[in-house]
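Trainee: Sequence first, then the predicted structure, then my questions.
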Amino acid sequence: MALSKVNFNSMNVTPSASKAIKFNSGNNGLETGDIGGSLVLISEQTASSSSVISFTSGIDSTYKEYIFKLINIHPQTDNVTFHFNMSADGGSNYNVTKTTTFFEAYHKEDGSDQYLAYADSRDLAQSTAFQTLGQEGQQADDADQNLCGLLHLFNPSSTTFVKHFTATTIANSHNATYCWNSYIAGYGNTTSAVNAIQFKMSSGNIDAGTIKMYGVS
């Protein structure tokens, strides 16, 4: 009987980029499975001296997670704050009750000042107010200053669970000499489906910037 030889140097045992090795009770404890998901661009809005940017369609049961990319958000007025709120009635009212957390870090350009702390003035406790997405009253209107970041909204169409979200932003602020990083998380305390989101400044218009809404498949 002839014996077959295996050339181990010619074997490819590396999982593909879309696969991961995971454990189970059979198959010697190993199997491969899909990981992650794809971002599907649903809509995009670009501000031009806009009082608000609202997404009133496309937030539904199609996806369990939605991501909003905040790109070069520039205020028309100096020393303002970027906010968002959710709606459960298609955008007629942006007043979902929220409980949130907020902490931040900053570093001055000349290295003389740095900071990391919880910011209790920026969190919400069962409030319908707009949630701050950056440093309070410190976003500058200098021509080269802006805010960028990500907002994740989880399973907004659920009629069983509250609506969790997380956000991270980065901006120039405080006379344009600070790098200011903000971390926000919380939940909309409603079992009604959330189906619209609005962004705005605390005062004045959004002079420029783009917000892209993605579904995670």
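Mentor: The structure has been received and is ready for your questions.

Trainee: contacting residues for the residue nearest the centre of the chain?
Mentor: Nearest residue to the geometric centre of the chain (C-alpha atoms, centre = their mean): L151, 1.3 Å. Taking C-beta atoms under 8 Å, 6 or more residues apart in numbering, we find L151 in contact with I67, F68, L70, F84, L133, F165, T166, A167. C-beta: built from backbone N, CA, C; applies to glycine.

Trainee: Tell me, how many residues neighbour the second one?
Mentor: So that's F68. 20 (other C-beta atoms under 10 Å).

Trainee: could you measure it against G149, distance?
Mentor: 9 Å (C-beta to C-beta, to the nearest Å).

Trainee: coming back round to it: what is the nearest of the contacts of L151 to G111?
Mentor: Of all these, G111 sits closest to L133, with 26.3 Å by C-beta to C-beta.

Trainee: Which pLDDT does the model give the residue nearest to the centre of the chain?
Mentor: Turning to L151, the model gives it a pLDDT of 98.

Trainee: shift numbering so it begins at 52
Mentor: Understood, numbering begins at 52; the last thing we discussed is L202.

Trainee: Can you give me the distance of it to H134?
Mentor: Going from L202 to H134 by C-beta to C-beta gives 11 Å.

Trainee: Common neighbours of these two, please.
Mentor: L184.

Trainee: need the contact list for L204.
Mentor: I110, E116, Y117, I118, F119, M137, K214, H215, F216, V245, I248.

Trainee: mind listing what's buried in stretch 112-122?
Mentor: Burial within stretch 112-122, assessed by neighbour count using 16 or more other C-beta atoms under 10 Å, is assigned to Y114, E116, Y117, I118, F119, K120, L121.

Trainee: The first one and S138, how far apart?
Mentor: According to C-beta to C-beta, Y114 stands 17 Å off from S138.

Trainee: Among the buried residues of stretch 112-122, which are located in strands?
Mentor: E116, Y117, I118, F119, K120, L121 (DSSP state E).

Trainee: What is the nearest of these to A98?
Mentor: Nearest to A98 among those, with distances taken as C-beta to C-beta, is L121, at 10.7 Å.

Trainee: which is the next helix or strand following the helix or strand harbouring C230?
Mentor: Assigned by DSSP states H and E, C230 falls within strand 229-239. Downstream of strand 229-239, the next assigned helix or strand under DSSP H and E is strand 247-252.

Trainee: Direction included, what does that next one pair against?
Mentor: strand 103-106 (antiparallel), strand 133-138 (antiparallel) (DSSP bridges).

Trainee: what comes into contact with the following helix or strand past the last one?
Mentor: Spelled out, it's strand 133-138. Next helix or strand after strand 133-138 toward the C-terminus (DSSP H and E): strand 149-159. Here strand 149-159 makes contact (C-beta under 8 Å, 6+ apart) with 137, 164-171, 173-180, 182-183, 186, 224-225, 228-240.

Trainee: Please spell out which residues along strand 149-159 are buried.
Mentor: For strand 149-159, using 16+ other C-beta under 10 Å, the buried residues are K149, T151, F153, F154, E155, Y157.

Trainee: likewise stretch 251-268?
Mentor: So, applying 16+ other C-beta under 10 Å, buried residues of stretch 251-268: 251-253, 255-260, 262-266.
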